[in-house]
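# Following is a predicted model, sequence given first.
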Amino acid sequence: MTPVRVAFKKTGSLAYISHLDLMRTVSRLLVRADIGVYYTEGFNPHPKIVFALPLSVGTESEAELFDIKVTGEADCGKIKDALTRIFPRELPVTDVYVPERKFREIASAEYEIFICHKNLTAGAPETVSHMMSSPVVEVKRTKTGEQECDIRPFIVSIESEMKDGGLLIVTRLSADPEHYLNPEYVVKAVGRVLRLGEYDIKPGGDYYTVTRKCIFDGEGRPFR
């Protein structure tokens, strides 16, 4: 068996399906692609798939990854062609290759957050920058329950500017297994310091969007 990594995007309406539904969808697509995937054992065998960094519902991504194992030698070009024919337009396959690193070696991920809100002012970028000069305390879900946590140490970098009628934030967040930071916490923190109030995760009225742009290893290189 040969390990194979598939890179793909999750866009449009498919950003609103849960991670469990994404797993089920990809599993069925792999069966249809007929590429000799390794199956789990047991009463109900199914393609064995390992995903990297599951996303919250509503988050788009240009950097989705999953690993499979194929029987025999892997012809990555043929596998990519087979998956491209099967995967829907909003889940386009961008690359197929033999993995260089384990998912546990992922260190950080970059996101674009766009906030459109009637209460935004021209000074919003300066306020976001100033936010990083003191603890950024949010109620964070942990393995032992919810607790207040300073998320600032998990924000590797953050930049923002007013653009296209809203606030564009580009931020790199910790994504290693012990210190993963969901970008939703950054959205909450920014909304709090800017006193924006309520907004939704889709366009229309006051809203915000989150897109994962890239995943990095511990040396700051795009993860493969």
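Looks like it arrived, so ask away.

# I'd guessed residue 5 sits against residue 94; true?
No. The criterion here is CB atoms under 8 Å, and residue 5 misses it with residue 94 at 11.3 Å. Placement of C-beta: from N, CA and C, glycine included.

# Compare neighbour counts for these two and give me the winner.
Per other CB atoms under 10 Å, whichever of residue 5 and residue 94 has more neighbours is residue 5, with 21 against 13.

# Not counting its neighbours along the chain, what's nearest the more buried one?
residue 99 (4.2 Å; CB to CB, 6 or more residues apart in numbering).

# cool, and residue 184?
In space, and not counting its chain neighbours, residue 184 is closest to residue 56: 5.6 Å by CB to CB, 6+ apart.

# Over to residue 166?
residue 116 (3.9 Å).

# Let me see the contact set for that neighbour.
Counting by CB atoms under 8 Å, 6 or more residues apart in numbering, residue 116 touches 165, 166, 167, 199, 203, 206, 207, 208.

# Now that the second one has come up, it's in contact with residue 115, right?
Yep, that's residue 166 we're talking about. Yes. With contact defined as CB under 8 Å, residue 166 counts as touching residue 115 (5.6 Å).

# Of these two, which one has the most company?
Neighbours per residue (other CB under 10 Å) separate residue 166 from residue 115, with residue 115 holding more: 23 against 18.

# Okay, and that one sits in which element?
In the assignment (DSSP states H and E), residue 115 maps to strand 106-116.

# For the protein, which segments are assigned as helices?
Ranges of helices in the chain, per DSSP state H, are 19-33, 76-86, 124-131, 183-193.

# The residue nearest to residue 184 against residue 186, yeah?
No. Between residue 56 and residue 186 there is no contact under CB under 8 Å: 11.9 Å.

# Who has more neighbours out of these two?
Between residue 56 and residue 186, counting by other CB under 10 Å, residue 186 is the more crowded of the two (24 against 14).

# Let's see the pLDDT reported for that one.
On pLDDT, residue 186 comes in at 96.

# Nearest residue to it in space, please, no chain neighbours.
Nearest residue to residue 186, sequence neighbours excluded (CB to CB, 6+ apart): residue 171, at 5.9 Å.

# Can you get me a residue count around that neighbour?
Quick note: residue 171 (other CB under 10 Å) scores 22 neighbours.

# residue contacts, it?
110, 111, 113, 155, 156, 157, 158, 159, 183, 186.

# I'd like to know how many residues surround the fourth one.
The criterion is other CB under 10 Å. On that basis, residue 155 has 20 neighbouring residues.

# Give me the contacts around the helix or strand of the chain with the lowest mean pLDDT.
None of the helices or strands of the chain scores lower by mean pLDDT, DSSP states H and E than strand 137-142, at a mean of 83. For strand 137-142, contacts defined as CB under 8 Å, 6+ apart pick out 146, 147, 148, 149, 150, 151, 185, 188, 189.

# Distance of the closest residue to residue 51 other than its chain neighbours relative to residue 30?
In this structure, residue 51 finds its nearest non-sequential neighbour in residue 66, 4.7 Å apart by CB to CB, 6+ apart. Separation of residue 66 from residue 30 (CB to CB, to the nearest Å): 9 Å.

# what residues do those two have in common as contacts?
Residues touching both residue 66 and residue 30 (CB under 8 Å, 6+ apart) are residue 49.
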